[in-house]
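**Q** whatever this is, show me its structure:
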Amino acid sequence: MELKAFMVNMVQSELEDAVGMENVSISEAEKLTYGVDYFWIARMWADKGRRPPEPDFIVRPKNAKEISRILKIANYYKIPVHTWGGGSGSQGSALPMAGGIILDTKLMNRLLDINEESRTITCETGMIFQTLEWHANERGYSVMHIPSCLTCGTVGGALAHRGIGIMSTKYGKIDDQCLSLEVVLPNGDIIESLPVPKHAAGPDLNQIFIGSEGTLGVITRATFKLFEQPECRKFCSFLFKDIGTGLAACRDIVQKIKPSILRLFDEAETVSIIKKIIGFEKAGAFMNLAIEGMAEIVDIEERIIMDICARYGAEDMGSEYGEKWYKNRITFFYPGHIMNNPQMFGTMDTVATFDKVEKIYWAMKNAVEQFEGVRFIAHCSHWYDWGTMIYDRFIMDKPPEDPEEAIRLHNRIWNAGVRAAMENGGVINDHHGIGLKLSRLMKEQYGPAMQVFEGLKKSLDPNGIMNPYKLGL
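**A** All right, here's what the predicted structure looks like:
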């Protein structure tokens with residue numbers, strides 16, 4: 001945005017009045033830090049010495065009332081507002097593409113309540129999720145939301161992008177784990193969803209704001225389920241002859257029981273990343289899983305899994321590799337193990353019903369690998385009663401040196417891969433969100449149904465200040 005003459009000082013003064021002088025910054029150095037998250041284009045752009053998108057103001061509110069004041073100021077001046085949590089997102093959703101205000105929520109990090117009778121925990125959404133988990137652990141519980149960004153992503157970021165953790169097959173996604181929300185609407189009104197998510201009192205307000213990526217308001221408080229720590233946790237691992245056989249076995253498993261962890265890797269990922277991290281040497285489709293709960297029940301579930309995998313000709317690899325995977329579950333994302341610049345890469349996580357998953361896998365692989373020098377690896381890591389997602393990634397070791405040429409090629413690869421998924425019955429994202437990266441494809445995914453989102457946006461945010469250019473809005 002462009003603020004002429006002393007207008008920037010006038011707006012700065014109003015923001016300082018709302019949150020305190022110490023919580024507003026227009027420092028050039030600080031602005032640069034908010035122009036890069038884990039979105040590949042943003043990181044590449046900065047690595048090439050180009051200036052990233054920058055906000056005009058950095059504002060750090062301490063509570064919902066201060067956010068309300070900020071949004072009223074932003075609406076008056078029609079200043080864009082981009083909510084920033086931990087900056088760990090991979091879709092560019094928090095990037096200040098329109099300038100304006102970065103609303104950094106990390107001062108909103110208080111634990112508000114642990115209720116052991118109702119088995120719930122409530123916190124402000126600027127809290128790092130690992131901190132929330134530690135609070136639960138101190139009482140012998142877990143939130144069971146254990147994503148790869150556990151130590152750097154905020155509660156609000158997980159909610160805004162409908163995130164997921166490694167235990168999702170048993171305990172659900174963030175939208176299953178969340179019971180209620182406090183939200184500041186774009187006009188500054190502070191609202192609360194109902195105290196329970198299952199009711200017949202109209203639509204569930206939680207589901208309007210979870211996954212909305214800061215385009216419809218700012219989530220400021222959330223209440224989650226608490227789960228008792230399992231009495232027993234067992235690990236298993238198997239090797240299937242190919243991805244199709246593994247998919248069929250996993251479908252049968254989740255129709256009968258709910259492992260906490262169930263991950264099936266295609267042949268390309270089995271012989272590369274899995275081999276590198278846990279020392280697995282054999283070719284094929286590797287599967288690791290965990291089952292947990294009461295010991296007697298876990299023993300029964302283990303026998304069911306063994307029978308199903310034997311029926312599909314899987315080789316039982318024992319518990320050692322499953323235990324190694326669990327121990328290294330975040331190591332996979334550390335430098336030296338994850339893809340990193342100067343490589344070009346992207347995670348195209350797609351979700352579909354069981355009958356379409358393998359077809360989508362091959363369609364995406366063929367679409368992506370038509371580009372010279374690009375390879376495709378994938379695994380299925382989050383399972384539902386009706387289907388699964390494909391955590392599919394493309395990797396290019398030697399992308400173009402020119403950053404603008406690299407962006408065009410990056411977007412062409414994404415278009416080809418994601419459109420191949422949609423053409424074969426897939427949905428364009430399971431849990432990373434849409435952000436800037438996939439915004440252009442939302443209308444293709446939804447068709448005429450996109451008017452529902454656009455109507456919500458127009459009603460709640462008539463001035464269009466909330467996180468513009470994201471989520472197709």
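
**Q** any chance you could map the helices in the stretch 301-450 of the chain?
**A** With helices called from DSSP state H, counting those that start in this stretch, the stretch 301-450 of the chain shows them at 320-327, 354-368, 403-423, 442-446, 450-460.

**Q** any chance of the ones you listed in JSON lines, with mean pLDDT too?
**A** Below are the helices of the stretch 301-450 of the chain laid out as JSON lines (pLDDT from 0 to 100):
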{"stretch": "helix 320-327", "mean pLDDT": "88"}
{"stretch": "helix 354-368", "mean pLDDT": "98"}
{"stretch": "helix 403-423", "mean pLDDT": "98"}
{"stretch": "helix 442-446", "mean pLDDT": "97"}
{"stretch": "helix 450-460", "mean pLDDT": "98"}
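
**Q** for the stretch 251-400 of the chain, which spans come out with low pLDDT?
**A** Across the stretch 251-400 of the chain, nothing is flagged by pLDDT under 70.

**Q** tell me where it has strands.
**A** Using DSSP state E, counting those that start in this stretch, the strands of the stretch 251-400 of the chain run over 261-265, 285-293, 315-316, 344-347, 350-353, 374-380, 387-396.

**Q** give me the helices and strands touching the last one, please.
**A** With contacts defined as 3 or more CB pairs under 8 Å, 6 or more residues apart in numbering; DSSP states H and E, the secondary structure elements packing on strand 387-396 are helix 243-256, strand 344-347, strand 350-353, helix 354-368, strand 374-380, helix 403-423. For glycine as for every other residue, the C-beta is placed from the backbone atoms N, C-alpha and C.

**Q** what angle separates that strand from helix 403-423?
**A** Taking axes from the mean of the first three to the mean of the last three CA atoms, to 10 degrees, one finds that strand 387-396 is oriented at 150 degrees with respect to helix 403-423.

**Q** and the contacts of stretch 394-406?
**A** 44-45, 48, 50, 339, 342-346, 348, 368, 371, 373-377, 409-410, 413, 417 (CB atoms under 8 Å, 6 or more residues apart in numbering).

**Q** could you export that stretch as PDB, CA atoms only?
**A** What follows is stretch 394-406, C-alpha atoms only, in PDB (Å, rounded to 0.1, in the frame of the first residue of the first chain):
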ATOM      1  CA  PHE A 394       8.400 -33.100  -6.800                       C
ATOM      2  CA  ILE A 395      12.100 -32.400  -6.700                       C
ATOM      3  CA  MET A 396      14.400 -30.600  -9.200                       C
ATOM      4  CA  ASP A 397      18.000 -30.600  -8.300                       C
ATOM      5  CA  LYS A 398      19.100 -27.900 -10.900                       C
ATOM      6  CA  PRO A 399      16.300 -25.400 -11.400                       C
ATOM      7  CA  PRO A 400      16.800 -22.200 -13.500                       C
ATOM      8  CA  GLU A 401      19.200 -19.700 -12.000                       C
ATOM      9  CA  ASP A 402      17.000 -16.700 -13.000                       C
ATOM     10  CA  PRO A 403      14.400 -16.300 -10.200                       C
ATOM     11  CA  GLU A 404      11.700 -15.100 -12.500                       C
ATOM     12  CA  GLU A 405      12.200 -18.100 -14.900                       C
ATOM     13  CA  ALA A 406      12.300 -20.400 -11.900                       C
END
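
**Q** can you give me the buried ones in it?
**A** For stretch 394-406, burial by neighbour count (16 or more other CB atoms under 10 Å) applies to 394, 395, 396, 399, 403, 406.

**Q** with stretch 34-47 instead?
**A** Quick answer for stretch 34-47 (16+ other CB under 10 Å): 34-46.
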